[in-house]
Structure formats: structure tokens, C-alpha cells
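Student: My questions concern the predicted model and sequence given below.
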Amino acid sequence: MNQRRISLMVVTALTASALAACGGAGGSQGGQAAGPEAKDNPPAASKPVNTGPREITMYTAGGTIDEKAFDSMYGDAIRKKFPDVTVKFIPNTKGSTLPDLIAAGTTIDIIFDSIGYAESFRNYGIHMDMTPYIKASGLDLNQFEQTAIEFQRKIGNGQIHSLPVWTASAGLFYNKDLFDKFGVGYPKDNMTWSEILEIAKKLTRKDGDIQYVGYVTAAGSQANTNQLGLKYVDSKTGKAQIDNEDWTKFMQSIVPFFQISGMTWTAENTTVAAMRAMFEKDRTAAMYTNYSGGTPPADMNWDVVKVPSYEQAPGVGPQSYPAYLSMTTLSKNKELAFNVIHYLVSKEYQLQNTKAGRATVLNDKEIIKTYGESMAKFKGKNITAMFPEKRAPIGDYTAADTAAASQFSSAFTKIILNQKDINTALREANEAANKAIEEIKQKNAK
């Protein structure tokens, strides 16, 4: 599965299980608040605007989200805040893709989707700079987790085309029952990957007929949100760079977990789904890093600590993987569209959304503490561990990066199956990535 484009598959999963996906990012050019009161009382969020029909149409490119999930996330909250507004939802299904809708002249006021959609959305030419609306409303961009805002400035050459509405939380989850069974001390916050490796070695063992493993992960997600700020593609040359020294060292930090004596890895048990099942269903994996907002089942005796850091980047957490809201040039009522977005990024909505298990994009410790509050399984858990105090800057989410990311994941599998050594696997993956990138360029040139 392409870990780069979790898209709204993340949203659907998060709806079912704290809305976790495969499907939790902030300087304020043009976005300074008019005054201190602007933070707590966003002027545009509740002001009625009489410049068109009181109707808002929202669209997502994630075809897996249905009307019920949409209402749970956005629709019901918008209708309650704006009772005179008609809210319509268009999912990405056959006949209603974005090109279909544009060709048909369909009005789309707001698009919401994950960061993986950032490039393709702009390629349709219906994006618009929200900076004038941000300035007029007094919305303070400093209140957001800043890497999510900086990413927008980067891809928009200073413009803000989208605002983050929630992000994927991330953590090192562990099954307390397995630790207790084998008499191993629980992991703690602020550990390094080297320390977690030593714990994993103690938990990779066979007990009777059951083979236990200390740690599993979705390697693609771990690489995509890597804490070292590594990028798959050189932005200057447009060429893949996944066989360089930095990526080699990164691969060397993951592979040892899968070379611990005792566990045999196969093509079947190295898939993302299989490894997650080891932790959540089979309960044979003691630790699991989830970068997409998911949490263990309610019937597991689990807890969570911060994602371990690297010695060369102490205290730096994974990159954010936010979902964004974007106004479009197709909207006939842009003021109302912005007002709706403004409400959805306000403290009022972020608080209720975070309680429902969708991680806030605001740097508000009081809101962060309420994460999953409305769900019994979060009670007593180390909630704040899933919100890094410092995040690595978000990487590039271009088609070229997606192609290179796919090859990196493939290389990881070949390495842990002992089909290739690290240097050979990454070199071949780099060559395959460059070939795919060239094909993308040729396709776009037509």
C-alpha cells in the first residue's frame, strides 16, 4: 500500500478507531492577529455573510469516506454552528472525480483531504490564496503547529492555499500484558531507537508454540514522516536520492529490529496489514509505532510513549501528516466558505474534534490533553506522548516523491527478506525511482 498517499483512507479509519489512517502539521506571513482577542474570538467564524446562497458544498478526493463519516467529522458541527446553511457533501466516486465535477461546472466551495493530495489539488488550477481572508479575519497562524503552515507556504511560494484541520497523532504503542508476561520493564518517554532495540531483543522469543516479536512498524510511514527531515528527491536536480549516506543510515536504524534472532520474516508477514495484525489482533508483537493516528483496540491492555528519537536529533518527533481544508475558485460564496473553514480551525471546533479522537492542529496544551476524552479506551493513557513538542519539517509530497517512497518501501522488504543487502537494495530502488520520475515528467509534458 502506498504509504505516502494515505489520503482520506486515514479519515475513514480514524472515524472507526479514533479515525486512524493510512490516513496526525505551522511564522505567520499575512496572518498576524489584529490583537490578542483575535485568538479566542475569531471574528469571521460566526459572522453571517449575505453575498450568496447560504449553501456550502464540500468535496474530498478520498473515495472511502461516506456521508455518515462526513457528518461525524464536519457536517453535523457546521450545521449546528450555521443553522441556516445547507451543507452538501460530494465524495470521490465514479462519475464524481474532481475532473468530472470541474467539467460539469459543479460548484465546490471547500475541498478537504490529507497532505498527500496537496500537489494534485493545485494541478487542477482551482486553488486560491487564502491570505486576504486570513488577514481580514484576524486569524492568527501562530496558534497552529507550525510545520503544517510552513508546508503550505513552501508549496504556495508564500501563499496559503489550505489550512490544517487535524493531523495524525503518532506514538510507540505497547502491549502491557506481554511486557508483564516476560518480566520486561515498560518503555518510557524520550527513549532513543537504540534503547528500544534492546527492549525489542528481550521480547522477541518463542513461548510454547507461539513466536513473539518485540517491535513491528509500517516502515513506509516511518520513512515518510522521518524525524531527520530526509527527502526522497533532490529538489534542485529532481532526481531520487534514496541511496545516499543519510537514507542508508536511516535504513540501518530500522532493519536491525527485523534481524533479531528467532523471528522469521516472509512475504506474507511483512505487509503493513500483517504487522499491524500481529500487534492488534494476534497480540504477538509487543510494540508498534503508528504514525497515522490509530490506537490499539479497547480490549487491549495498552499504553503509549513518545516515538523514540535519534541520537543525532534528540527530542525531535515525527513529521506531521495533516488533513487540510481549501477554498476553491469554483465557489460562488467564498466569504461563507472561509467562515466555515475559520470555524473548523477554531478552538471551539478543535476541542470537540480532539475529544472525538482527531488530533488538533493547534499548539494548545489544554486541547491536547482532551485527546480521545469522549472514548473510554483513552482513559488513563499517556495521551500527550502522541503530540511531539518538536516535529521535523514536513517533506515534499510531489508525484516524484511518491514514486521514490514506493521504491524505498520495496527496498525495505527485500532487505528484511534477505533478498538484497542494504546498499544494493537502495541503489536499485534509486534507479527504479528515477525511471518512474522520468515517466511522470514525460506524461506531464504531453
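Tutor: All right, it came through fine.

Student: Which parts of the stretch 151-300 of the chain are helices?
Tutor: 176-181, 193-203, 219-224, 245-254, 272-280 (DSSP state H, counting those that start in this stretch).

Student: can you tell me which of these comes nearest to Val304?
Tutor: helix 176-181 (10.7 Å; Cβ to Cβ). Heads up, the C-betas are built off the backbone N, CA and C, glycines and all.

Student: Which residues does the nearest residue to Ile78 once chain neighbours are set aside form beta bridges with?
Tutor: Sequence neighbours aside, Val87 is the residue nearest to Ile78 in space, at 5.2 Å (criterion: Cβ to Cβ, 6 or more residues apart in numbering). Counting by DSSP bridges, Val87 forms beta bridges with Ile56.

Student: ok, Val87 - contacts?
Tutor: With contact taken as Cβ atoms under 8 Å, 6 or more residues apart in numbering, Val87 is in contact with 55-56, 58, 74-75, 78-79.

Student: all strands for the stretch 101-250 of the chain, in order.
Tutor: Ranges of strands in the stretch 101-250 of the chain, per DSSP state E, counting those that start in this stretch, are 110-114, 163-167, 171-175, 205-207, 210-217.

Student: For Glu438, find the nearest of the ones you listed.
Tutor: Taking the strands of the stretch 101-250 of the chain one by one with Cβ to Cβ, strand 110-114 is closest: 26.5 Å.

Student: Distance from the chain centre to that closest one, please.
Tutor: 13 Å (Cα atoms, centre = their mean, to the nearest Å).

Student: Please apply the same query to stretch 145-158.
Tutor: On Cα atoms, centre = their mean, the centre of stretch 145-158 falls 15 Å from that of its chain.

Student: next one: stretch 138-154
Tutor: 16 Å.

Student: go on, stretch 179-192?
Tutor: 26 Å.

Student: Check what contacts it and list those residues.
Tutor: Counting by Cβ under 8 Å, 6+ apart, 172, 174, 176, 196, 199, 202-203, 205, 207, 212, 286-287, 303, 305-306, 308-311, 314-315, 382, 385 sit against stretch 179-192.

Student: Just the contacts of Val87: which are in strands?
Tutor: 55-56, 58 (DSSP state E).

Student: Mind checking which of those are buried?
Tutor: Among the ones in strands among the contacts of Val87, those classed as buried by 16 or more other Cβ atoms under 10 Å are 56, 58.

Student: Can you tell me which of the ones in strands among the contacts of Val87 is nearest Ile126?
Tutor: When those are compared against Ile126 (criterion: Cβ to Cβ), the nearest one is Met58, at 13.9 Å.

Student: for the closest one, what are its contacts?
Tutor: For Met58, the contacting residues are 70, 74, 87-90, 108-112, by Cβ under 8 Å, 6+ apart.

Student: what do you get for Phe338?
Tutor: Contact analysis of Phe338 by Cβ under 8 Å, 6+ apart lists 44, 130, 133, 137, 327.

Student: now, among those residues, which is nearest to Tyr124?
Tutor: Met327 (13.5 Å).

Student: is the closest one in a bridge, and if so with what?
Tutor: With DSSP bridges as the rule, Met327 is bridged to Ile110.

Student: what about it, neighbour count?
Tutor: 25 (other Cβ atoms under 10 Å).

Student: just Gly125 next, same as before
Tutor: 10.

Student: Not counting sequence-adjacent ones, nearest residue to it?
Tutor: Thr329 (7.8 Å).

Student: Now restrict the contacts of stretch 179-192 to buried residues only.
Tutor: Here, 16+ other Cβ under 10 Å leaves 172, 174, 196, 199, 203, 205, 212, 286-287, 303, 305-306, 308-310, 385 buried among those.

Student: Tell me the one of those residues nearest Leu344?
Tutor: Comparing the buried ones among the contacts of stretch 179-192 against Leu344 with Cβ to Cβ places Ala385 closest, at 25.9 Å.

Student: Using CSV, please lay out the contacts of Val87 together with distance to Leu163.
Tutor: Below are the contacts of Val87 laid out as CSV (distance: Cβ to Cβ, whole Å):
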residue, distance to Leu163
Glu55, 21
Ile56, 15
Met58, 14
Tyr74, 13
Gly75, 18
Ile78, 15
Arg79, 20
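
Student: Need those residues in a markdown table (columns: pLDDT and distance to Thr398).
Tutor: Formatted as a markdown table, these follow (pLDDT from 0 to 100; distance: Cβ to Cβ, whole Å):
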| residue | pLDDT | distance to Thr398 |
| --- | --- | --- |
| Glu55 | 95 | 34 |
| Ile56 | 97 | 30 |
| Met58 | 97 | 25 |
| Tyr74 | 96 | 27 |
| Gly75 | 97 | 31 |
| Ile78 | 97 | 32 |
| Arg79 | 97 | 36 |
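
Student: Show me which pair in those is furthest apart.
Tutor: Maximum distance among the contacts of Val87 (Cβ to Cβ): 14.9 Å, for Glu55 and Tyr74.

Student: Give the other helices and strands that the lengthiest helix in the chain contacts.
Tutor: Looking across the chain with DSSP state H, the single longest helix is helix 422-445. For helix 422-445, the elements it packs on are helix 245-254, helix 399-416, judged by 3 or more Cβ pairs under 8 Å, 6 or more residues apart in numbering; DSSP states H and E.

Student: how far is the last one from where the chain is centred?
Tutor: I take that to be helix 399-416. 18 Å.

Student: now the shortest one
Tutor: Using Cα atoms, centre = their mean, the distance from the centre of helix 245-254 to the centre of the chain it belongs to is 22 Å.

Student: what angle do that helix and strand 210-217 make?
Tutor: For helix 245-254 against strand 210-217, the angle between stretch directions is 150 degrees (axes from the mean of the first three to the mean of the last three Cα atoms, to 10 degrees).

Student: Same question for the last one.
Tutor: Between the direction of helix 399-416 and that of strand 210-217, the angle (the same axes, to 10 degrees) works out to 150 degrees.

Student: Surely Leu231 touches Asp401?
Tutor: Slight slip there: residue 231 is Lys, not Leu. Yes - contact criterion Cβ atoms under 8 Å: Lys231 and Asp401 qualify, at 7.2 Å.

Student: joint contacts of the two?
Tutor: Gly395.

Student: These two: which is more packed in?
Tutor: Using other Cβ under 10 Å as the criterion, Lys231 and Asp401 rank with Asp401 on top: 22 against 17.

Student: tell me the contacts of that one?
Tutor: 4, 231-233, 395.

Student: cool, and Ala313?
Tutor: Here Ala313 is in contact with 227-228, 392 (criterion: Cβ under 8 Å, 6+ apart).

Student: ok so Thr354 is a helix residue?
Tutor: Yes - under DSSP: H, G, I helix; E, B strand; the rest coil, Thr354 falls within a helix.

Student: going forward, begin numbering at 52 instead of 1
Tutor: Happy to do that; since the first residue is 52 now, the last one works out to Thr405.

Student: That one and Ile419 touch, don't they?
Tutor: Yes - counting by Cβ under 8 Å, Thr405 does reach Ile419; the two are 7.2 Å apart.
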